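Visitor: kindly generate the corresponding structure for this input.
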Amino acid sequence: MTIHYRNEVNALKEKLVALSGQVEDQLQRAVESVRHRDVKIATSVLDSDHTIDLAEVHLEEECLKILALHQPVAHDLRFIVAVLKINNDLERIGDLAVNIAERAIFLAGQVMPGTDYDFSVMAAKTLNMLRESLDALLREDMEIAARVRESDNEVDEDHRNMYQQIKKSIRESPEHVDPLINLLSISRNLERIADHATNIAEDVIYLYTGEIVRHRFASGQISDQ
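Guide: Got it, this is the predicted structure:
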């Protein structure tokens, strides 16, 4: 491929890194808004969502332009396909962060049940999965990508535990059903963000190995063979 093509690919990487930073910051602020019941922080998440949406559209347009002008093959084609998919996952994570922030705004005005619902561990795991999935992309590190896939099981378990805890609280304190349902929604959104981070890690594995692993059990190995 030409130097012009390489420059366009490098620019694409820079835009993807910039978008990932925006999304990570959005998720971090959404989690903080829940922890501190802070409407101002939550509102800032909602206000910044349009910026992420625009960045996602521009990045997709750049990918399609490269496909049309340069018709890449082999690894170069896999890279563009991976960027398109990762771009979509990042935009969805941004949307889920908005959902969390909206729940935080609602909960800020509610009388909460006596039980403490601590999302800090689950949120920390989810944020780390997002960071590591993008780190795997930049470092071309398959071990990091495999570790992200493993971590998804832990977040799934955290969500199941939170579901059981909230279900028990609804039975015991039905008068608090509205805030409890919103707490469950926060847990579900974190679990879905972890799924998207896993998607990114699996796209990284595909990009650098050509191996499709998304329907394989996350065993810590890139290949089951």
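Visitor: and the helices in the protein, which stretches?
Guide: 3-36, 39-70, 74-108, 120-139, 142-172, 177-209 (DSSP state H).
Visitor: let me see the mean pLDDT of the last one.
Guide: Think helix 177-209. Here helix 177-209 scores 95 as its mean pLDDT.
Visitor: in that helix, what counts as buried?
Guide: 179-180, 182-208 (16 or more other Cβ atoms under 10 Å). C-beta coordinates here come from the backbone N, C-alpha and C atoms, glycine included.
Visitor: which one of the helices of the chain is the most hemmed in?
Guide: Most buried of the helices of the chain, by mean neighbour count (mean count of other Cβ atoms under 10 Å): helix 177-209, with a mean of 22.
Visitor: run the chain-centre distance for that helix.
Guide: Offset of helix 177-209 from its chain centre (Cα atoms, centre = their mean, to the nearest Å): 6 Å.
Visitor: ditto for stretch 74-91
Guide: 15 Å.
Visitor: what ranges in this structure fall below the confidence cut-off?
Guide: The chain contains residues with pLDDT under 70 at 1, 114, 215-225.
Visitor: if we go to 50?
Guide: Where the chain drops to pLDDT under 50, the residues are 219-225.
Visitor: right, and residue 201 touches residue 131 too?
Guide: No: taking contacts as Cβ atoms under 8 Å, residue 201 lies outside contact range of residue 131: 11.2 Å.
Visitor: overlap of the contact sets of the two?
Guide: Counting by Cβ atoms under 8 Å, 6 or more residues apart in numbering, residue 201 and residue 131 have no contacts in common.
Visitor: which residues touch residue 156?
Guide: Residues in contact with residue 156 (Cβ under 8 Å, 6+ apart) are 191, 194.
Visitor: if we go to 7 Å?
Guide: Counting by Cβ atoms under 7 Å, 6 or more residues apart in numbering, residue 156 touches residue 191.
Visitor: the one 10 residues further on now?
Guide: Neighbouring residues of residue 166 by Cβ under 7 Å, 6+ apart: 180, 183-184.
Visitor: of those residues, closest to residue 34?
Guide: Residue 34 lies nearest to residue 183 out of these, by Cβ to Cβ, at 8.9 Å.
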